[in-house]
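Asks: Okay, structure incoming, though there's no sequence with it:
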């Protein structure tokens, strides 16, 4: 989480910022603001190998870059979580 996002984005005003990748939240989301795409990547382990986390299945992002754009498809690899015995 960035609380000074306006200051950070101002640093890139004179650049062609197309894509910002971020993670560690274990959820997948994509947002576009002006000409920039922001992607939070989800997690291969979902909720630490115990299933999905806030609706994001275990998976990864497949990102396509163009001249001035980025798109993302989230790939769920259909892993089934199993709880260990005695837990």
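Replies: Noted; the coordinates are in hand. Small disclaimer: the values here were computed from a predicted structure and weren't measured.
Asks: where are the low-confidence patches of this structure?
Replies: 1, 83-87 (pLDDT under 70).
Asks: need the helices for it, in chain order.
Replies: All helices of the chain, identified by DSSP state H, fall at 5-10.
Asks: where along it do the strands fall?
Replies: 19-22, 28-33, 36-41, 59-65, 70-76 (DSSP state E).
Asks: The ones you listed into CSV, with extra columns for distance to residue 8 and mean neighbour count?
Replies: Where C-beta positions appear, they are placed from N, C-alpha and C, glycine not excepted. Shown next, in CSV, are the strands of the chain (distance: least, C-beta to C-beta, whole Å; neighbours: other C-beta atoms under 10 Å):
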stretch, distance to residue 8, mean neighbour count
strand 19-22, 10, 14
strand 28-33, 12, 14
strand 36-41, 11, 19
strand 59-65, 21, 14
strand 70-76, 18, 15
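Asks: will you turn these into JSON lines that also has distance to residue 10?
Replies: Converted to JSON lines, those look like this (distance: least, C-beta to C-beta, whole Å):
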{"stretch": "strand 19-22", "distance to residue 10": "14"}
{"stretch": "strand 28-33", "distance to residue 10": "13"}
{"stretch": "strand 36-41", "distance to residue 10": "13"}
{"stretch": "strand 59-65", "distance to residue 10": "24"}
{"stretch": "strand 70-76", "distance to residue 10": "21"}
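Asks: among those, which is nearest residue 4?
Replies: Residue 4 lies closest to strand 19-22 among those, at 14.5 Å (C-beta to C-beta).
Asks: Mind listing the strands the closest one pairs with, and their directions?
Replies: Counting by DSSP bridges, the strands paired with strand 19-22 are strand 36-41 (parallel).
Asks: From one end of stretch 35-49 to the other, what's the distance?
Replies: 35 Å (C-alpha to C-alpha, to the nearest Å).
Asks: about what we covered before: relative to residue 49, which of the strands of the chain is closest?
Replies: Comparing these against residue 49 with C-beta to C-beta, the closest turns out to be strand 59-65 (13.0 Å).
Asks: Quickly run through the sheet partners of that closest one, with directions.
Replies: Using DSSP bridges, strand 59-65 pairs in its sheet with strand 70-76 (antiparallel).
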